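Chemist: Sequence plus predicted model, see below.
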Amino acid sequence: MIRKPARELWKARKRRSPVALITGGASGIGLACVRRFLKDGWRVAVADLRPTPDLKAAGDVAFFKADVRSLPRANAVVRAVVKRWGRLDALILCAGISRAGLLEKAKIEDWQAVLDVDLTGVFAYLRAAATVFETQKSGKVVAVSSTLALRARHGLTAYIAAKAGVIGLVRAAARDLGRFGVNVNAVCPGLVNTPLTDPMPAAIKDRLRDETALGRIAEPEDVAGVIRFLCSGDARHVTGEAIRVDGGQLA
Ligand code: NAD
């Protein structure tokens, strides 16, 4: 007699718990976001080329194999998430790649590859989710840019151009979707300890750490915490913003 209402209460609460779609959620910053949102009781869908580690014990999680460069696949993933859980509350855009190379030696193939994933991939998921957010009259979007979009360094032309493009795209989307009550923001991390930066020589990492005011390199959780804040009611009046998460590197 007591157990049935308790189960229904639990089911109702589960129905109400918010839903996040995270691109690039299989690794690094994206994976830290997956874990953080699950810990906070969200249901989480991941779109990535490769599967996440086993997270079943951490909560309600669904994996969609997807290349973010494909708009048709983005549309299908967003449709599947809404079909499964009936809503989409937050879109977190972490999928990204980097190719080093000086401008005078840059190959058009590398330029195209980085722009396709880091900028077109963000556009594709924003575009796919826009109609859902418009119908719902609510939504949060956070895209991962970089401090490199704010202060360039040599040898990363395509990456810097793509990440600067992400900030422009976020501002444009904040304008277009604001009338539906949707917040669209970017975060700009400095150096973060992830598989993406593993191959970087220790001497360069030390130099970047010494440039920060806090004297440390970020962990993925440091970025996930700010993304989580931007998806909360506490950030309801923040939109079109690009927030540095760089330990004061550019302060
Ligand atoms: P990561 O390599 O650990 O994770 C990136 C994820 O994106 C991987 O799971 C990968 O499979 C996925 N991915 C790559 N190409 C994809 C594609 N075409 N389709 C779908 N998924 C794809 O890297 P990270 O450091 O966690 O980077 C996450 C984001 O943060 C990236 O956009 C990166 O540019 C940005 N960023 C990272 C740092 C840093 O220092 N690590 C600093 C600033 C910004």
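Modeler: Structure received.
Chemist: before we move on, which element is Val184 in?
Modeler: Using DSSP states H and E, Val184 falls within strand 182-189.
Chemist: same question for that strand, mean pLDDT?
Modeler: Averaging pLDDT along strand 182-189 gives 99.
Chemist: what pLDDT, on average, does stretch 129-139 get?
Modeler: If you average the pLDDT over stretch 129-139, you get 98.
Chemist: any chance you could map the helices in this protein?
Modeler: 3-16, 28-39, 71-85, 108-115, 121-136, 157-177, 202-211, 220-230 (DSSP state H).
Chemist: hang on, the earlier thing: and the contacts of the strand holding Val184?
Modeler: Residues from elsewhere that reach strand 182-189 (CB atoms under 8 Å, 6 or more residues apart in numbering): 29, 126, 133, 138-147, 149-150, 163, 166-167, 170, 173-174, 177-178, 218, 222-223, 226-227, 230, 235-236, 238-246. The way it works is simple: take the backbone N, C-alpha and C, and place the C-beta from them, glycine included.
Chemist: give me that answer again for 7 Å
Modeler: Residues from elsewhere that reach strand 182-189 (CB atoms under 7 Å, 6 or more residues apart in numbering): 133, 138-147, 149-150, 166-167, 170, 173-174, 177, 218, 223, 226-227, 230, 235-236, 238-246.
Chemist: what about the protein, any weak spots by pLDDT?
Modeler: Scanning the chain with the threshold set as pLDDT under 70 gives 1-4, 9-15.
Chemist: where's Val144 relative to the ligand, distance?
Modeler: In this view, Val144 and the ligand are 4 Å apart by CB to the nearest ligand atom, to the nearest Å.
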